[in-house]
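Engineer: structure for the following, please:
(one chain, ligands or ions: 1)
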Amino acid sequence: MEDELLLMLPGPVPLPERVRAVMARQAINHRGAEFGNAYADIVRVLKGLFGTKNNPLVISGSGTAGMEAAVANFGKGRKMAHLINGKFGERMYTIGQRYASEARPIESDWGTPLNLESLKSALEDGCEVVTMVHNETSAGILNPAGEVGKICRKYDALFIMDGVTSIGGDQVLADDWGVDVAVVGSQKCLAAPAGLAAVSVSDRAWDRAVKNPPYYLDLPAYKKNAAKDPMETPYTPAVPLFLALREACLIIEEEGVDKRIARHHRMAGAVRKAVHAWGIDMFPKTDSLHQYSNTVTAACIPAGSNDKDFRGVVKKLGIQIAGGQDHLKDKIFRIGHMGAVSAPELLATLAATEYAVRKTGHQVLESGVMAAAEDLG
Ligand SMILES: Cc1ncc(COP(=O)(O)O)c(C=O)c1O
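Structural biologist: Residues are numbered from 1 along each chain as shown. Below you'll find the predicted structure:
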């Protein structure tokens, strides 16, 4: 559609027609079987995406509400350690500063590997709760959740993982990795509208839940209400968003989790091939534990250009990609490849981006669109 931008952002993402359609219906009672069944469908599908036997709890609020619920219910009054290599790691730390008895930042430059040796020192020093962002959206880096989970277990610390832009798009094995609390947001890999977060909680974490949680984000209250038949939430939920998330989950179930993850890996591989063909540097610095994200690719804006001009060219062609946040503005651009998109959207995006790369005067080595098409075809 001429007047609709194709959103190739790391959220929000384009919504499938079926997801949009269910939001147009008449109101339903949220204390009844129809709502309870929708909630149950969501939980059934999300469990598979989180890689957990536990039932995720759905909160009316964006991903940040899920992050805050995790920290407030399990970190309040405790010593927390926050692994940081991007904006959302920083956000976890900022939330920790509101709730923890001591919030300790373990900082790396954005897009560079986490400092796991400093994490061990913090745990030896008595930190009881650790936060980590699995897929650091601001920098396009995938952090080693399994490794961090092992370290947390060794020191008997709780592990809170922000899976906001990995769950539903990349492999997440919360139980196997020792993740105690995992969080996802609706408008990212799940391809649902913005406004809901889901949080899974291990038995170990429930045993250590704080005695004075916040009122609206009281996770034990969410658990108690979700155990009712039909399932409920403690307070009036965003019902149209629940219905939309349910439809998005049914679409995910129809595709199959393994196929969905493979599709995301294929798209990410194709974008990396294109970036390589353009002769542009990827932004993150990877190592044996840290990888490029499979849901968002962050690459450097060609020298001599800036964010406004570069992304402006792409936007003029009807496609919105993301820029760098905070100090990375004018330095990087990010292409989201998450949710319901696949080769058609991706190839159009790469064509527009390649045009922007060339327009800035950058001499591409070869066509990134060709390289990606060969990969996807
Ligand atoms: C990794 C990560 N965590 C948390 C958030 C915050 O989610 P929301 O904007 O839905 O509050 C985002 C949003 O981009 C994110 O990418």
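
Engineer: what's the neighbour count on Asp3?
Structural biologist: 5 (other C-beta atoms under 10 Å). Placement of C-beta: from N, CA and C, glycine included.

Engineer: how far away is the nearest residue to Val45 once chain neighbours are set aside from Leu346?
Structural biologist: The shortest distance from Val45 to any non-neighbouring residue, by C-beta to C-beta, 6 or more residues apart in numbering, is to Cys249 (3.7 Å). According to C-beta to C-beta, to the nearest Å, Cys249 stands 23 Å off from Leu346.

Engineer: and what of Arg18?
Structural biologist: Distance from Arg18 to Leu346, by C-beta to C-beta: 21 Å.

Engineer: quick one: contacts for Tyr235?
Structural biologist: Ser60, Tyr216 (C-beta atoms under 8 Å, 6 or more residues apart in numbering).

Engineer: same thing but 7 Å
Structural biologist: Tyr216 (C-beta atoms under 7 Å, 6 or more residues apart in numbering).

Engineer: what's in contact with the one helix or strand Glu374 maps to?
Structural biologist: In this assignment (DSSP states H and E), Glu374 forms part of helix 368-376. Contacting residues not belonging to helix 368-376 are listed as 266, 269-271, 273-275, 277-278, 343, 346-347, 350-351, 354 [C-beta under 7 Å, 6+ apart].

Engineer: could you redo the last one with a cut-off of 8 Å?
Structural biologist: 266-267, 269-271, 273-278, 343, 346-347, 350-351, 353-354, 357.

Engineer: same thing with stretch 348-364?
Structural biologist: 6, 8, 270-271, 274, 277-280, 301-305, 309-311, 313-314, 317-319, 321, 333, 335, 367-369, 372.

Engineer: quick check: buried residues in that stretch?
Structural biologist: Under the neighbour-count criterion of 16 or more other C-beta atoms under 10 Å, stretch 348-364 has Ala348, Thr349, Leu350, Ala351, Ala352, Thr353, Glu354, Ala356, Val357, Thr360, His362 buried.

Engineer: next one: stretch 221-232
Structural biologist: Ala221, Tyr222, Lys223, Asn225, Ala226, Met231, Glu232.

Engineer: how close does Tyr115 get to Asn143?
Structural biologist: Slight slip there: residue 115 is Asn, not Tyr. Applying C-beta to C-beta to Asn115 and Asn143 gives a distance of 11 Å.

Engineer: residues that sit against both of these two, list them.
Structural biologist: What both Asn115 and Asn143 touch, as defined by C-beta under 8 Å, 6+ apart, is the set Leu83.

Engineer: and those two? Which one has more around it.
Structural biologist: Using other C-beta under 10 Å as the criterion, Asn115 and Asn143 rank with Asn143 on top: 26 against 16.

Engineer: show me what contacts that one?
Structural biologist: Contacts of Asn143 by C-beta under 8 Å, 6+ apart are Leu83, Asn85, Leu114, Met132, Val133, His134, Asn135, Glu136, His290.

Engineer: just those residues now: which is nearest the ligand?
Structural biologist: Val133 (5.0 Å; C-beta to the nearest ligand atom).

Engineer: dihedrals phi and psi, the closest one?
Structural biologist: The phi and psi values for Val133, taken as degrees, to the nearest 10, are phi -90, psi 120.

Engineer: ok so, going back, restrict the contacts of Asn143 to those near the ligand?
Structural biologist: Here is what survives when these are matched to the ligand using C-beta under 6 Å from any ligand atom: Val133.

Engineer: of the contacts of Asn143, which is the nearest to Arg91?
Structural biologist: Val133 (8.4 Å; C-beta to C-beta).

Engineer: how far away is that closest one from Val19?
Structural biologist: Distance, Val133 to Val19, using C-beta to C-beta: 26 Å.

Engineer: more crowded one of these two?
Structural biologist: Val133 (33 against 23).

Engineer: beta partners for the more buried one?
Structural biologist: Beta bridges link Val133 to Asp162 when assigned by DSSP bridges.

Engineer: for the ligand, state which of the buried residues of stretch 348-364 is nearest.
Structural biologist: Nearest to the ligand among the buried residues of stretch 348-364, with distances taken as C-beta to the nearest ligand atom, is Thr349, at 18.5 Å.

Engineer: the helix or strand containing that closest one to helix 368-376, inter-axis angle?
Structural biologist: Thr349 belongs to helix 343-359 when assigned by DSSP H and E. Between the axes of helix 343-359 and helix 368-376, defined by axes from the mean of the first three to the mean of the last three C-alpha atoms, to 10 degrees, the angle is 150 degrees.

Engineer: may I have helix 343-359 exported as PDB, CA atoms only?
Structural biologist: Taking Å, rounded to 0.1, in the frame of the first residue of the first chain, the C-alpha atoms of helix 343-359 are listed here in PDB:
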ATOM      1  CA  ALA A 343      12.100 -13.100   1.300                       C
ATOM      2  CA  PRO A 344       9.800 -10.600  -0.500                       C
ATOM      3  CA  GLU A 345      10.000  -8.000   2.300                       C
ATOM      4  CA  LEU A 346      13.700  -8.600   2.900                       C
ATOM      5  CA  LEU A 347      14.800  -8.300  -0.700                       C
ATOM      6  CA  ALA A 348      12.800  -5.100  -1.100                       C
ATOM      7  CA  THR A 349      14.500  -3.700   2.000                       C
ATOM      8  CA  LEU A 350      18.000  -4.800   0.800                       C
ATOM      9  CA  ALA A 351      17.300  -3.200  -2.600                       C
ATOM     10  CA  ALA A 352      16.400   0.100  -1.000                       C
ATOM     11  CA  THR A 353      19.300  -0.100   1.400                       C
ATOM     12  CA  GLU A 354      21.700  -0.900  -1.400                       C
ATOM     13  CA  TYR A 355      20.400   2.200  -3.200                       C
ATOM     14  CA  ALA A 356      21.100   4.300  -0.100                       C
ATOM     15  CA  VAL A 357      24.600   2.800   0.200                       C
ATOM     16  CA  ARG A 358      25.400   3.700  -3.400                       C
ATOM     17  CA  LYS A 359      23.700   7.100  -3.100                       C
END
